[in-house]
Structure formats: structure tokens, C-alpha cells
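Peer 1: Could you work out the structure for the sequence below:
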Amino acid sequence: MHLIYPVVISALLFSVGVYGVLARRNAILVLMSVELMLGAVNLNLVVFDMRWADRLHGGQVLTLFVIVIAAAEVGLGLALVLLIYRNRNTVDIDRLRTLGESAEEGVRR
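Peer 2: Model prediction:
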């Protein structure tokens, strides 16, 4: 198999992920876009590990570490999104610029 096909697919996936992080306002969609970028990185790691035929399979081992870190990131990110939604009743990133509550938002429900 040629090396160019998975690298191009990985670049496209990473580009879609960057677009999702920069253009989306919903925090959950931003987390999904970050996961898409991590998937593209994992694809590159595995493809180049297969290409260079490393005896220790360093790319595949690093991919496993990235998957574990991504799972922890998703768990922590979703916990933060749920906490913000409980306090602010929105997950719109543009409305979450300040840490304190403003006077217009009123009292907590």
C-alpha cells in the first residue's frame, strides 16, 4: 500500500477537526472535533510505524497512550460541560467568556 493514501486521509480528518474547533460554538462539538484530530494523529502514528517496521512498534504503543489520554480527556471534558450546563443553562462557548456570574443572568435556579 502506498503511504500517501492514509496520510491524505489523516490530513483531511485533522483539517475537519481544526475547522470544528475553530468554527463551532457548542462545547460538545468542540470536544468531538478534538477527538477527530487525535484520531488523525493516531492514524499517522500507526501508518508510519508500519512503514518503518520498527521492532518495538513504538508508533503503535504511542497510539495506545494517545487513546488512553483521549478517553480521560473526554471524561473530564464531559464532566466540565455538564457542570457548566447546570450552572449556566447553556453550553455555548461564546457566552462562557467570564468565570463569574453577571447581574443580568439573575439568581441561580
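Peer 1: So for the most centrally placed residue in the chain, what's the nearest residue that isn't a sequence neighbour?
Peer 2: Centroid-nearest residue in the chain, with CA atoms, centre = their mean: Val34, separated by 1.7 Å. Using CB to CB, 6 or more residues apart in numbering and skipping residues adjacent in sequence, the residue nearest Val34 is Val21, 6.4 Å away. C-beta: built from backbone N, CA, C; applies to glycine.
Peer 1: what is the rounded mean pLDDT of the strand or helix carrying that neighbour?
Peer 2: Using DSSP states H and E, Val21 sits within helix 4-23. Taken as a whole, helix 4-23 has a mean pLDDT of 96.
Peer 1: who does it touch, helix- and strand-wise?
Peer 2: With contacts defined as 3 or more CB pairs under 8 Å, 6 or more residues apart in numbering; DSSP states H and E, helix 4-23 has these neighbours: helix 27-52.
Peer 1: continuing past the helix it packs on, what's the next helix or strand?
Peer 2: Trace forward from helix 27-52 with DSSP H and E and the next one is helix 58-88.
Peer 1: which helices and strands does that next one pack with?
Peer 2: Packed next to helix 58-88, using 3+ CB pairs under 8 Å, 6+ apart, are helix 27-52.
Peer 1: and the helix it packs on with helix 58-88, angle?
Peer 2: Here the directions of helix 27-52 and helix 58-88 differ by 180 degrees (axes from the mean of the first three to the mean of the last three CA atoms, to 10 degrees).
Peer 1: So which bits of helix 27-52 are buried?
Peer 2: 27, 30-47, 49 (16 or more other CB atoms under 10 Å).
Peer 1: ditto for stretch 57-68
Peer 2: Buried, per 16+ other CB under 10 Å, within stretch 57-68: Gly59, Thr63.
Peer 1: same deal with stretch 90-99?
Peer 2: So for stretch 90-99, counting by 16+ other CB under 10 Å, buried means Val91.
Peer 1: Please tell me how far that stretch is from the chain's geometric centre.
Peer 2: 18 Å (CA atoms, centre = their mean, to the nearest Å).
Peer 1: Cool, thanks, talk later.
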